[in-house]
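Visitor: Pasted the sequence and its predicted model underneath.
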Amino acid sequence: MENNIIIDLKNISVSFDGEPILKDLNLYIRDKEFITFLGPSGCGKTTTLRVIAGFIEPDSGDVIFDNKRINDVPPHKRQVNTIFQRYALFPHLNVFENIAFGLRLKKAPKQEIEETVTAMLKLVNLKGFEKRNIQSLSGGQQQRVAIARALANKPRVLLLDEPLGALDLKLRKDMQNELKNIQQQMGITFIYVTHDQEEALSMSDTVVVMNNGVIQQIGTPIKIYNEPKNAFVADFIGESNIIDGIMREDFQVDFSGHRFECLDKGFAPNEKVDVVVRPEDVDVVDVDKGMVKGEVTSVTFKGVHFETIVDIGGFKWMIQSTDYHEVGKKIGLFIEPDAIHIMKKSEYSGLYGDYSSFSEEFDELSDASVDNGEEE
Amino acid sequence: MKIASKIYTVLLYLFLYAPIFVLVFFSFNAGRSTAVFEGFSLKWYQEILNDSTTLIALRNTLVLAVLSAAIATVIGTAAAVGIDRMKNKYLKSATMSVTDIPMMNPDIVTGISMMLLFVFVGVFLNIQDVLGFWTLLIAHITFNLPYVILNVLPKLRQTDPHLEEAAQDLGCTPIKAFVKTTLPSISPAIVTGMIMSFTLSLDDFIISYFVTGPNFQTLPLRIYAMTKKSVKPDMYALSTIIFVVILVLLILINVSQAKADKNKQSVKPISKGKKIVKRVLAGAVAVSIAAVCIFGFPGTDNGPSIAVEGVYSREYAGTVLNVYNWGEYISDGSDGSLDVNAEFEKLTGIKVNYAEYDSNESMYTKLKNGGASYDIVIPSEYMVERLIHEGLVRKIDTAALHNYDYIADEYKNQYYDPDNEYSVPYTVGMVGLIYNTTMVDGTPDSWSIMWDKKYEGNVLTFNNSRDAFGIAQYLLGHDVNTTNVADWQAALQKLKEQKPCIQAYVMDEVFNKMEAGNAAIAPYYAGDFLTMQETNPDLAFVYPKEGTNIFIDSVCVPSSCGNYEAAMMYIDFLMEPEVALANAEMICYASPNTAVINHENYSLRGNEYLYPKKKVKVQYFHNLDPATLKLLNDLWSELKLY
């Protein structure tokens, strides 16, 4: 196991102008793994990436690469390559020269340069684009050139800083698949930074959820989704109803005025907990058959399902179902034991998971601000 | 709308280019007038190629412009990069404001402060002659810097900071990353900054004027110094050549740019910036080569030479003599004449640094401020008096001069130098009345004709207070140097009465106006009248009976002189009959040198205007005391506003 680790960050702290950005961060990354740093704007994910790339020297802590401390190694001597947020392609060079840039610096023979560039262009599906100007390429094509340029250097680790952020949705989906394929073909480590939870879940072997310079949870996408460690993770990854509950005993939890069976144990008797119920795990039943009852306050059509907000004892739940229930209708909810996830109380308790102030518009606004203001 | 915009465009270009076309047109004029076209001729082009002083000035200007632009570009770019990367916002904006200030400063402030600094440092480090090429270069770099920074900085801000990181990420050292990414993307701005610097440096006059010394004269300084006589038409030829060279360069650049754009897809694209850099460099090289080719090695042409007998030793060969003279005030080899300085150099082996000034006052400023030492200056009589008074000139042992006896006695022992201890007369001139015989009836003999209502709107007069008031004072019978306020007031009253008759207050323009017959009457110097008469034979000249002003420009040796023996040799050389003759022919003013006056080859020998048989009543202008000078200035303003 130990031999398998390519990068090890030990007690990394970084601050700008006295403002702490990373707080005593510890993380190891396995070779050939696809790992994603996920978190909102300003959480320190890009900073972590830049520490690995060598553009930021940590105030304290060690950056270990291949069992060697590389804190003092400048960026150009590190065996990692980066794909930048806005690609950072060299506008004065054509596609070929952009990709050949690193090889030319290494004074690679002409033959090798041409072979590598051709192979890279093939890899990113840009055959025949050699002589094109960078400015004449679309965003997606530029993205591919950026990938080819980084990979041409045969890095041990590829760092990707929100590489798909500037692409439209459809293209983003395609590129996600392509990136995953490339990673598997090349057999190298990808460290991926994003604020898009869906992207993180669909591509990664391991997801690192970060907030305020602190790692919240590390795990596989499924584990992170199904067993979030705290309210922040539960809310950030997918939609969650997070309700205050009391763990009566193992497998028994009280919330919303009802005792539910669950699959969780190991809490103190009567311990206060956060209960997570995913909106898609709730079954809507007739009022009299429901474990809890409530009134529909709003409905939004989302394509694959309806997003229904239900008021249950003053707490607004979100429920995703394919059935339509009009506003004002009284409905009952049925929740299976395996749909319930119990979390220990944390600093984030009570901050998330209530949809009473839910507004789609607001959600989009905050998304946009994330896109533009990512830790510059 | 369309027609209106077309008319607008035509007018715009007309206003922009009309002056240049006029200049080009008159550069082919056979005569020296800019008012009358006397036939097609390439004479001035020929002349400019033989005008070694101008060619040296041009070469100096080009060398200075290229060097200062190049150095300012390097320093300015580095500074811009530094400013761009400053983390502290307040420090950054403060630095930028400080950088901008020199640009806002009036040139004259920059010029004077730089001169003071250089002189101070010169004194501090005990350097004689601190002002010269190096101070000019430093000054030009300094005033060019803000322009480079101002061009480069915005472009830097537009440049993606991640580009350099990307390059480092791919294996570049930080410096290499800058060279490979940021530099190409800001190179258009760098080139623009460089071109701006080059142009600014090329035509700077004010700052250069203050910080240069005797051994380095630029073209703008030289042209400006020509105002004692009118600007020589070979300047038109020179301007035309410069204009055409730039035009051709621009066309070449545009054509090749268009071609490059067409071929863009098929050619391996080089960076646009690089292309521009290459072109500009090519252009600069072409200009320099052209300059060197056309203007060759100035001063090596074979004009006539003279044989002088053995009073000139080569004892001081290799030393330098700094001569500071009026513009166009020596025979310089043009038009097949004798190149006086070159002859002197050949004879003695002494290197002559020849610089020019446009007025007694600007020469005085240079002497007074120090920082540069001159060995020879040629001030007018009132300035000689002032220089003696202030100890700025030293005594000359006239007894040791071999040719001093040539100087006519009537010009010796004048009020400003009663014992001939400081000055040797060089040229003499008197103001008279020039009139157009086709417009004026009879033969005027009095200044009063300038008040004659018959010539309303057809009279020109001096655009300079001393000379303009002088005319009124002769008429009133006053002393031109009076300290009596009432006398000055009376003169003002007289001039106010004259105002309806006056077409314009002029200096140099008098040539064009009189040559073209645009005015009937003008007071000016006899020597200049001869020049005008060549173009317009209808002109006539008279010395009015009330008297007139006389000037004597004399050779002096400043007290800062470091090569007295060479200076003495030079003064002797100027009085040498052949040399003095060449100068007299060229300057066209009267010579105080009897060997010239009686020389059989002298084309103006016995000229009735330069050497009138009848004694002319004359008055010298003396230095006015400060109170009178102020009064005169006030009255002059009052007259202008009247």
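Guide: Yep, it's here.

Visitor: switch to C-alpha atoms for all contacts and neighbour counts from now on
Guide: OK.

Visitor: show me where pLDDT drops low in chain A?
Guide: Within chain A, the set of residues satisfying pLDDT under 70 comprises A:1-3, A:357-376.

Visitor: Where is the longest helix in it?
Guide: Looking across chain A with DSSP state H, the single longest helix is helix A:169-186.

Visitor: gap between that helix and the chain center?
Guide: Between the centre of helix A:169-186 and the centre of its chain there are 15 Å (CA atoms, centre = their mean, to the nearest Å).

Visitor: what helices or strands is it leaning on?
Guide: Helix A:169-186 makes packing contacts with helix A:197-203 when contacts are defined by 3 or more CA pairs under 8 Å, 6 or more residues apart in numbering or on different chains; DSSP states H and E.

Visitor: Can you list the neighbours in contact with the helix it packs on?
Guide: Helix A:197-203 is contacted by residues A:34, A:36-38, A:176-177, A:180, A:194, A:207, A:221-222, A:236-238 when judged by CA atoms under 8 Å, 6 or more residues apart in numbering or on different chains.

Visitor: distance between that helix and the chain's centre?
Guide: Worked out by CA atoms, centre = their mean, helix A:197-203 lies 6 Å from the chain centre.

Visitor: Over to stretch B:417-430?
Guide: Put simply, stretch B:417-430 sits 25 Å off its chain's centre (CA atoms, centre = their mean).

Visitor: so how far does it reach from one end to the other?
Guide: Start and end residues of stretch B:417-430 are separated by 19 Å (CA to CA, to the nearest Å).

Visitor: again with stretch B:331-343
Guide: Stretch B:331-343: ends 11 Å apart by CA to CA.

Visitor: In it, which residues are buried?
Guide: Residues of stretch B:331-343 classed as buried: B:Ser331, B:Asp332, B:Gly333, B:Ser334, B:Asp335, B:Ser337, B:Leu338, B:Asp339, B:Val340, B:Asn341, B:Ala342, B:Glu343 (neighbour count, 16 or more other CA atoms under 10 Å in any protein chain shown).

Visitor: Could you give the number of residues near B:Phe637?
Guide: Just so we're on the same page, residue B:637 is Ser rather than Phe. Neighbour count for B:Ser637, taken as other CA atoms under 10 Å in any protein chain shown: 12.

Visitor: For it, give me its contacts.
Guide: B:Ser637 neighbours (CA under 8 Å, 6+ apart): none.

Visitor: can you do 10 Å?
Guide: Under the criterion of CA atoms under 10 Å, 6 or more residues apart in numbering or on different chains, the neighbours of B:Ser637 are B:Ser465, B:Leu631.

Visitor: ok, A:Val304 - how many residues close by?
Guide: A total of 9 residues lie near A:Val304 under the criterion other CA under 10 Å.

Visitor: who are the neighbours in contact with the nearest residue to it once chain neighbours are set aside?
Guide: Of all residues beyond its chain neighbours, the one nearest A:Val304 is A:Thr322 (7.1 Å), with distances taken as CA to CA, 6 or more residues apart in numbering or on different chains. Neighbouring residues of A:Thr322 by CA under 10 Å, 6+ apart: A:Glu280, A:Phe301, A:Lys302, A:Gly303, A:Val304, A:His305, A:Phe306, A:Glu307.

Visitor: Just name the closest of these to chain B, please.
Guide: When the contacts of A:Thr322 are ranked by distance to chain B (CA to the nearest CA), A:Lys302 comes first, at 38.6 Å.

Visitor: distance of the closest one from A:Lys330?
Guide: According to CA to CA, A:Lys302 and A:Lys330 sit 21 Å apart.

Visitor: my read is B:Val557 is in a helix, agree?
Guide: No: with DSSP: H, G, I helix; E, B strand; the rest coil as the criterion, B:Val557 is assigned strand and is not in a helix.

Visitor: what about it, neighbour count?
Guide: With other CA under 10 Å as criterion, B:Val557 counts 26.

Visitor: Same question for the one 10 residues further on.
Guide: The criterion is other CA under 10 Å. On that basis, B:Ala567 has 23 neighbouring residues.

Visitor: Specify the residue ranges that define each domain of the chain.
Guide: Just going to use chain A. Domain assignment for chain A, taken from automatic domain parsing, gives A:2-226, A:231-372.

Visitor: nope, chain B
Guide: B:2-44, B:52-231, B:320-427+B:553-601, B:429-550+B:622-641.

Visitor: Where does A:Glu114 sit, in terms of helix or strand?
Guide: Per DSSP states H and E: A:Glu114 is located in helix A:110-123.

Visitor: Can you give me the buried ones in the following helix or strand past that helix?
Guide: Sequence order places helix A:139-152 as the next helix or strand after helix A:110-123, per DSSP H and E. Neighbour-count burial for helix A:139-152 flags A:139-152 (criterion: 16+ other CA under 10 Å).

Visitor: and what of stretch B:42-50?
Guide: B:Lys43, B:Trp44, B:Tyr45, B:Glu47, B:Ile48, B:Leu49, B:Asn50.

Visitor: likewise stretch B:21-30?
Guide: For stretch B:21-30, by 16+ other CA under 10 Å, it's B:Leu23, B:Val24, B:Phe25, B:Phe26, B:Ser27, B:Phe28, B:Asn29, B:Ala30.

Visitor: Which of the residues you listed sits closest to chain A?
Guide: Distance to chain A across the buried residues of stretch B:21-30 (CA to the nearest CA) is lowest for B:Val24, with 42.0 Å.

Visitor: in the one helix or strand that closest one maps to, what's buried?
Guide: Using DSSP H and E, B:Val24 falls within helix B:2-27. By 16+ other CA under 10 Å, the buried positions in helix B:2-27 come out as B:Ile20, B:Leu23, B:Val24, B:Phe25, B:Phe26, B:Ser27.

Visitor: Ok, stretch B:81-91 next?
Guide: By neighbour count on 16+ other CA under 10 Å, the buried set for stretch B:81-91 is B:Val81, B:Ile83, B:Asp84.

Visitor: nearest to B:Lys494, of these?
Guide: B:Ile83 (62.9 Å; CA to CA).

Visitor: how about the nearest residue to that closest one, chain neighbours excluded?
Guide: Closest to B:Ile83 by CA to CA, 6+ apart is B:Lys92, at 6.2 Å.

Visitor: Over to B:Leu67?
Guide: Closest to B:Leu67 by CA to CA, 6+ apart is B:Leu137, at 7.6 Å.

Visitor: what's the spacing between that neighbour and chain A?
Guide: B:Leu137 sits 34 Å away from chain A, going by CA to the nearest CA, to the nearest Å.

Visitor: The residue in the stretch 1-150 of chain A that chain B sits nearest to: what's it in contact with?
Guide: Closest contact between the stretch 1-150 of chain A and chain B, by CA to the nearest CA, is at A:His76 (4.1 Å). Neighbouring residues of A:His76 by CA under 10 Å, 6+ apart: A:53-55, A:102, B:165-174, B:177.

Visitor: Where neighbours are concerned, which of those has the most?
Guide: B:Leu170 (32 neighbours).

Visitor: Can you tell me how far it is from chain A?
Guide: For B:Leu170 relative to chain A (CA to the nearest CA), the value is 5 Å.
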